[in-house]
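A.B. asks: model the structure of this input:
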Amino acid sequence: MQARLNPYSPGAGVRPVELAGREAEIEAFDVIRHRALAGRSAQSIVLYGLRGVGKTVLLNEMADRADAEGWLTARIEAHLSGERMPFRRQIAQSLNTALRHAQGRSPKSGRLRAALATFKAFSLTASPDGGLTVGLEVEPQRGRGDTGSLPADLTDLAIDLADAAADLDAGVTVFIDEMQHLALDELAAVCQACHEASQRRSRFFVVGAGLPNLPGLLSEAKSYAERLFTYVRVDRLEPRAARAALTLPALEEGVEWVEAAADVALAASGGYPYFIQQYGQTTWNAAVSSPITVHDAQEGIRAGRDLLDHGFFRARWERATRSEREYLAAMAVDGHGPSSTGEVASRLGRQITALGPTRAKLIAKGLVFSPEHGQIGFSVPGMADFIARELERS
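C.D. replies: Predicted coordinates:
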């Protein structure tokens, strides 16, 4: 069928035509906004799960909803610590546009001008040349947001922005993707800002997304983090939602799936949203006409798996060194896992302590995570199967 009409979109953070099975997560954020506007307290949200389950899509959906209601928002993607700009600068850069728009909406608001002054002081600490405060016609508020201590300064900024947002009948939300890559002191600063804002019932919230180790990292940063956030595990779609995600986009284009064909594609996808989009796309391209048949699905899976092996999986495999690949291969023996770190060490004929640096580097690269003490798991579903195929090819 015509590729230009293909309704599937296997991209990083790309919203699918049918955002199925995520109503509860979206509703949780809707509740936050409504409670905030009613003057009631609410917890910030942390989304956690493996790669490919749609965390970034959910984060963007929530941010779009907040933007549509006039909230002040910042969208940040944390990267590996050695490859990204400082967190303070990311916050300032992302908030600049939202605050310039707010300045136009309520130019006479005293609390907004105070928040802009705090923001300018906060930003000048990150960029003394003033490049992050272009368009903000206020003087910096000395002594507020400019101490150089990120926890103190972010808390000042959060409280002042929330006060200003109240004059706009809105709130403030900072959306942080790949949150597990923030340093512990940065996570601690986020926790402190959320804690202070919550105690004051201020309209400041954080919605973070990251790998399954994120809740543990937050608790390590601040012992009270478990009470600050609503933790939402984002996992594979349940069967009915997975079928909707696969079949409804095609139906909107007047194309049907034979039930058995959908069963084949869904089994291959494991219910993971990214894989549903990938196999949906390649099966559509393999099909000649409606309805999509089992043969079409089988051809689509073959083509889709080839694309995944040469892109989605290989990009991660290539980031690992030779010794790190050996560690990953030892993990792959357990399939989807998780694996015992002691068992992995035994397979490699090494002591657990000797493999500590290798394991730490793989965690830092986002290739694996530690679900609990003594265990290690792949951050990407299907990685073990890819490694098995890769080893067969070599």
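A.B. asks: which other residues reach the least confident helix or strand in the chain by mean pLDDT?
C.D. replies: Least confident helix or strand, the chain: helix 87-105 with a mean of 88, by mean pLDDT, DSSP states H and E. The contact list for helix 87-105 (C-beta atoms under 8 Å, 6 or more residues apart in numbering) reads 70, 72-76, 78, 84-85, 112, 115-116, 119, 122-123, 125-127, 132-137, 150, 153-154, 157, 161, 164-165, 168, 174, 182-183, 186, 189. Where C-beta positions appear, they are placed from N, C-alpha and C, glycine not excepted.
A.B. asks: with stretch 142-161 instead?
C.D. replies: Here stretch 142-161 makes contact (C-beta under 8 Å, 6+ apart) with 72, 87-88, 91, 95, 111, 114-115, 117-119, 121-122, 124-125, 140, 172, 185-186, 188-190, 192-194, 196-197, 200, 202, 204.
A.B. asks: gap between the two ends of that stretch?
C.D. replies: Counting by C-alpha to C-alpha, to the nearest Å, you get 16 Å between the two ends of stretch 142-161.
A.B. asks: ok, stretch 215-227 next?
C.D. replies: Distance across stretch 215-227, first residue to last, is 11 Å (C-alpha to C-alpha).
A.B. asks: average pLDDT across that stretch?
C.D. replies: Mean pLDDT, stretch 215-227: 95.
A.B. asks: filter the contacts of stretch 142-161 down to the buried ones.
C.D. replies: 72, 87-88, 91, 95, 111, 114-115, 117-119, 121-122, 124-125, 140, 172, 186, 188-190, 192-194, 196-197, 202, 204 (16 or more other C-beta atoms under 10 Å).
A.B. asks: what ranges do the helices span in the stretch 1-150 of the chain?
C.D. replies: 23-37, 55-68, 87-105, 110-126, 150-167 (DSSP state H, counting those that start in this stretch).
A.B. asks: and of those helices, who's closest to Thr353?
C.D. replies: helix 87-105 (32.0 Å; C-beta to C-beta).
A.B. asks: buried stuff in the closest one?
C.D. replies: Residues of helix 87-105 classed as buried: 87-96, 98-99, 102-103 (neighbour count, 16+ other C-beta under 10 Å).
A.B. asks: got JSON lines for these, with distance to Glu343 too?
C.D. replies: Formatted as JSON lines, these follow (distance: C-beta to C-beta, whole Å):
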{"residue": "Phe87", "distance to Glu343": "37"}
{"residue": "Arg88", "distance to Glu343": "42"}
{"residue": "Arg89", "distance to Glu343": "43"}
{"residue": "Gln90", "distance to Glu343": "39"}
{"residue": "Ile91", "distance to Glu343": "42"}
{"residue": "Ala92", "distance to Glu343": "46"}
{"residue": "Gln93", "distance to Glu343": "45"}
{"residue": "Ser94", "distance to Glu343": "43"}
{"residue": "Leu95", "distance to Glu343": "47"}
{"residue": "Asn96", "distance to Glu343": "50"}
{"residue": "Ala98", "distance to Glu343": "49"}
{"residue": "Leu99", "distance to Glu343": "52"}
{"residue": "Ala102", "distance to Glu343": "55"}
{"residue": "Gln103", "distance to Glu343": "58"}
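A.B. asks: between those, which is closest to Tyr231?
C.D. replies: Looking across these and measuring by C-beta to C-beta, the closest to Tyr231 is Phe87, at 21.3 Å.
A.B. asks: tell me how far the closest residue to Gln351 other than its chain neighbours lies from Leu95.
C.D. replies: Counting by C-beta to C-beta, 6 or more residues apart in numbering, Gln351 lies nearest to Ala345, which is 6.3 Å off, once chain neighbours are set aside. Here Ala345 is placed at a distance of 46 Å from Leu95 (C-beta to C-beta, to the nearest Å).
A.B. asks: Leu59 too?
C.D. replies: 17 Å.
A.B. asks: kindly report the same for Pro273.
C.D. replies: Here the criterion is C-beta to C-beta. By it, Pro273 lies 30 Å from Leu95.
A.B. asks: and for Ala115?
C.D. replies: 10 Å.
A.B. asks: please parse this protein into its domains.
C.D. replies: 23-233, 238-316, 320-393 (automatic domain parsing).
A.B. asks: in a helix, Phe175, correct?
C.D. replies: No: counting by DSSP: H, G, I helix; E, B strand; the rest coil, Phe175 is not found in a helix; it is strand.
A.B. asks: partners of it in the sheet?
C.D. replies: Arg75, Val207 (DSSP bridges).
A.B. asks: what's the local residue count around the closest residue to Leu182 other than its chain neighbours?
C.D. replies: In space, and not counting its chain neighbours, Leu182 is closest to Ala78: 5.0 Å by C-beta to C-beta, 6+ apart. If you count neighbours by other C-beta atoms under 10 Å, Ala78 ends up with 21.
A.B. asks: dihedrals phi and psi, Ala78?
C.D. replies: Taking degrees, to the nearest 10, you get phi -80, psi 140 for the backbone angles of Ala78.
A.B. asks: and it, how far is that from Asp64?
C.D. replies: Counting by C-beta to C-beta, the gap from Ala78 to Asp64 is 20 Å.
A.B. asks: all strands for this structure, in order.
C.D. replies: Secondary structure of the chain, counting by DSSP state E: strands at 44-48, 72-77, 172-177, 204-210, 229-233, 339-340, 368-369, 375-378.
A.B. asks: need the ones you listed in a markdown table (columns: distance to Leu362).
C.D. replies: Shown next, in a markdown table, are the strands of the chain (distance: least, C-beta to C-beta, whole Å):
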| stretch | distance to Leu362 |
| --- | --- |
| strand 44-48 | 18 |
| strand 72-77 | 21 |
| strand 172-177 | 21 |
| strand 204-210 | 16 |
| strand 229-233 | 22 |
| strand 339-340 | 12 |
| strand 368-369 | 5 |
| strand 375-378 | 8 |
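A.B. asks: which one of the ones you listed lies nearest to Val288?
C.D. replies: strand 375-378 (36.5 Å).
A.B. asks: that closest one pairs with which strands, parallel or anti?
C.D. replies: Looking at strand 375-378 with DSSP bridges, what it pairs with is strand 339-340 (antiparallel), strand 368-369 (antiparallel).
A.B. asks: go ahead and confirm the residue nearest to Gln351 touches Leu355.
C.D. replies: Yes: in this structure, Ala345 is within contact of Leu355 by C-beta atoms under 8 Å, at 5.4 Å.
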